[in-house]
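Chemist: 3D, please:
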Amino acid sequence: MTDSPNTQSIPIRPVLDDTELEQLAVDIKRWARELGFQDAGITDIDLGEHEQHLKNWLARDFHGEMDYMASHGNMRSRPDELVPGTLRIISVRMDYLTGDTQAVRVLKQPEKAYISRYSLGRDYHKVIRKRITQLGKRIEEKVGKYGYRAFVDSAPVLEKAIAEKAGLGWIGKNTLLLNNKAGSWFFLGELFTNLPLPVDKPQRTNHCGSCFACADICPTNAIIAPHQLDARRCISYLTIELKGSIPEEFRKAIGNRVFGCDDCQIICPWNKFAKHSGETDFLPRHKLDSTDLADLFLWTEEEFLERTAGSPIRRTGFEGWLRNLAVGLGNAPSTKKVINALKARKEHPSDMVREHVKWALKQHT
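Modeler: Below is the predicted model:
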């Protein structure tokens, strides 16, 4: 799943005149839609403004334990260092909401497990990378051999900055990419290329206005200012990226969110324009969109591995999964089912799991 940096220049490109490049850009966007993407845009590789923002964010240690955000030098903000020879980036987006996601309903049912809606189905990395690679091959069929590489979230790439420059939306106050016709419930991906394609114009208007609903609703106050996210406070970081114990100061605020958090998207007014995806790969598996915390907590490791195969949820690992569920159970109603589930894990071999179970049981006494 990891895209490693390239050390070789991408191949020589075909010679195309301006008219051919203009037509190719039109074709690329059409092919992208045919492959299931809702939008595509093209940008150059100048990310200087975003590079400084990243450096400021890292300097304040807002990335927490996500050391990969600081690694690879400037590759993240200088695409031609990641893939030498890159001249343009084709940015694509794909909607992932599938019908009624029960998001608000589940958040209001504290005995249920809330799992971020993006992770309920098949791992989006595999789905999208395959489609972007197909787009790259279609271009090759049209113009001949050229240089390209597909990326989806797992390499040092500033995907939101690239998408913003490519005209796919603007980076909102919650630090997510927003689109005035589709909200923010979508995935992003990129095709790096050495073709000197014409670039699209970014949106010059930030349409968030005076709205700050995303920060107001954030359970842990992770959005500390417009466009400023302290990841160390973010529930997505605490339940996915953090590998050790969740700080006690955040446990009550986490509620029943056991893998990620969508609150800042659910509240965003622009998501009234969000479209439902027709991608069956993103449909919820194993009823993970509305299952009791206690039922998930009693899964064996074998059941966890089997039922999260090909899912982003695997990222947290079984111990992290139990840690998160223990917190959720600590915030759940004091029913016999909840307390019995916690007691069943009191002697778990993991120190971290036992710590969180002990905390959760204390909430019920």
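
Chemist: Verify the contact between residue 135 and residue 92 for me.
Modeler: Yes - at 7.5 Å, residue 135 counts as touching residue 92 under the criterion of C-beta atoms under 8 Å. Using the backbone N, CA and C atoms, a C-beta is placed for each residue, glycine as well.

Chemist: any shared contact partners between these two?
Modeler: 32, 191 (C-beta atoms under 8 Å, 6 or more residues apart in numbering).

Chemist: more neighbours, those two?
Modeler: With neighbours defined as other C-beta atoms under 10 Å, residue 135 and residue 92 compare such that residue 92 has more, 30 against 23.

Chemist: Which secondary structure state does the more buried one sit in?
Modeler: Three-state assignment for residue 92 (DSSP: H, G, I helix; E, B strand; the rest coil): strand.

Chemist: List the contacts of it.
Modeler: 32, 37, 39, 40, 128, 131, 132, 135, 188, 189, 190, 191.

Chemist: Please report how far it lies from residue 243.
Modeler: Remark: distance between residue 92 and residue 243 (C-beta to C-beta, to the nearest Å) = 31 Å.

Chemist: For residue 213, which non-adjacent residue is spatially closest?
Modeler: Distances taken as C-beta to C-beta, 6 or more residues apart in numbering place residue 267 nearest to residue 213, at 4.7 Å, with adjacent residues excluded.

Chemist: got the domain boundaries for the chain?
Modeler: 18-97+122-193, 213-363 (automatic domain parsing).

Chemist: quick one: which of the ones you listed is nearest residue 103?
Modeler: domain 213-363 (5.7 Å; C-beta to C-beta).

Chemist: what about that closest one, start to end distance?
Modeler: Taking C-alpha to C-alpha, to the nearest Å, domain 213-363 runs 30 Å from one end to the other.

Chemist: shaky segments in the protein?
Modeler: Applying pLDDT under 70 to the chain flags the ranges 1-11.

Chemist: residue ranges of the strands in the stretch 201-350 of the chain, please?
Modeler: Counting by DSSP state E, counting those that start in this stretch, one finds strands in the stretch 201-350 of the chain at the ranges 223-225, 228-229, 257-259.

Chemist: Toward the C-terminus from the top helix by length along the chain, list the very next helix or strand.
Modeler: When the chain is parsed with DSSP state H, its longest helix is helix 124-143. Using DSSP states H and E, the next helix or strand after helix 124-143 towards the C-terminus is strand 148-151.

Chemist: can you dump the C-alpha coordinates of that next one into CSV?
Modeler: Taking C-alpha atoms only, strand 148-151 is exported to CSV below (Å, rounded to 0.1, in the frame of the first residue of the first chain):
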residue,chain,number,x,y,z
TYR,A,148,3.5,8.8,-15.1
ARG,A,149,2.9,7.5,-11.6
ALA,A,150,-0.3,7.1,-9.7
PHE,A,151,-0.6,8.1,-6.0
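
Chemist: Next SSE downstream of that strand?
Modeler: Immediately after strand 148-151, counting by DSSP H and E, sits helix 159-165.

Chemist: just to revisit the earlier point, between the domains of the chain, which one is closest to residue 112.
Modeler: domain 213-363 (6.0 Å).

Chemist: How far away from the center of its chain is that closest one?
Modeler: Taking C-alpha atoms, centre = their mean, to the nearest Å, one finds domain 213-363 lying 15 Å from the centre of the chain it belongs to.
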